[in-house]
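below: sequence and its predicted model.
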Amino acid sequence: MKLILIVLSCLVLIAAAFAQSDEGFQSAKVVAFERVAADVQHPEKADSYKISMRLGDTIYNCHANAPVTVFNDWSVNKEFPARLAANGKILQVKNTDGQVIEMNVVGKKRPK
């Protein structure tokens with residue numbers, strides 16, 4: 001009986017932790033994805049990307065810097081959990097491996 005209670009309480013804790021980890025995330029679709037050409041004068045910007053994502057009824061144009069391995073499976077029309085940070089200047093996207101990628105929002109528009 002004690003074992004069953006322990007197992008149930010562990011399952012409840014795991015479910016609660018999982019529910020909190022997705023707090024505020026919504027489904028976002030990749031609208032455009034482009035790798036920016038490397039700049040010889042600024043090698044630290046070698047892995048730069050321009051990404052447009054539709055979150056709700058708004059398209060966010062973003063810039064991101066991350067290793068190519070982070071964006072291996074990204075393509076147009078693919079969906080990822082995402083949320084807009086409180087300041088509205090950062091879009092946080094969960095990758096397929098659970099890593100949260102922060103992208104700088106450089107513009108937004110609502111399609112007609």
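Received, thanks.

so what's the residue nearest the centre of the chain up against?
For the chain, the residue sitting closest to the mean C-alpha position, by Cα atoms, centre = their mean, is residue 93 at 0.8 Å. Counting by Cβ atoms under 8 Å, 6 or more residues apart in numbering, residue 93 touches 28, 53, 80-82, 100-101, 103. Every residue, glycine included, has its C-beta placed from N, CA and C.

which of these has the most neighbours?
Using other Cβ atoms under 10 Å as the neighbour criterion, residue 82 leads the contacts of residue 93 with 25 neighbours.

that one contacts residue 53, correct?
Yes. The criterion here is Cβ atoms under 8 Å, and residue 82 meets it with residue 53 at 6.4 Å.

which residues do those two both contact?
28, 91, 93.

ok, these vs residue 109, which is closest?
Residue 109 lies nearest to residue 91 out of these, by Cβ to Cβ, at 14.0 Å.

quick one: low-confidence ranges for this protein?
For the chain, the stretches with pLDDT under 70 are 5, 7-22, 40, 42-46.

now the phi/psi pair for residue 68, please.
Torsion angles at residue 68 (phi, psi; degrees, to the nearest 10) stand at phi -60, psi -30.

cool, and residue 106?
According to degrees, to the nearest 10, residue 106 has phi -110, psi -10.

just give me the neighbour total for it.
Applying other Cβ under 10 Å, we find 11 residues neighbouring residue 106.

and what of residue 66?
Per other Cβ under 10 Å, the neighbour tally for residue 66 reads 15.

who touches it in this structure?
Taking Cβ under 8 Å, 6+ apart as the criterion, residue 66 is in contact with 47, 49, 101.

correct me if wrong: residue 103 contacts residue 63.
Yes. Taking contacts as Cβ under 8 Å, residue 103 lies within contact range of residue 63: 6.7 Å.

can you list residues touching both of those two?
residue 51.

which element, helix or strand, includes the residue nearest to the residue nearest to the centre of the chain when sequence neighbours are not counted?
If the residues on either side of it in the chain are set aside, residue 93 comes closest to residue 82, at 4.4 Å by Cβ to Cβ, 6 or more residues apart in numbering. If you go by DSSP states H and E, residue 82 is part of strand 79-84.
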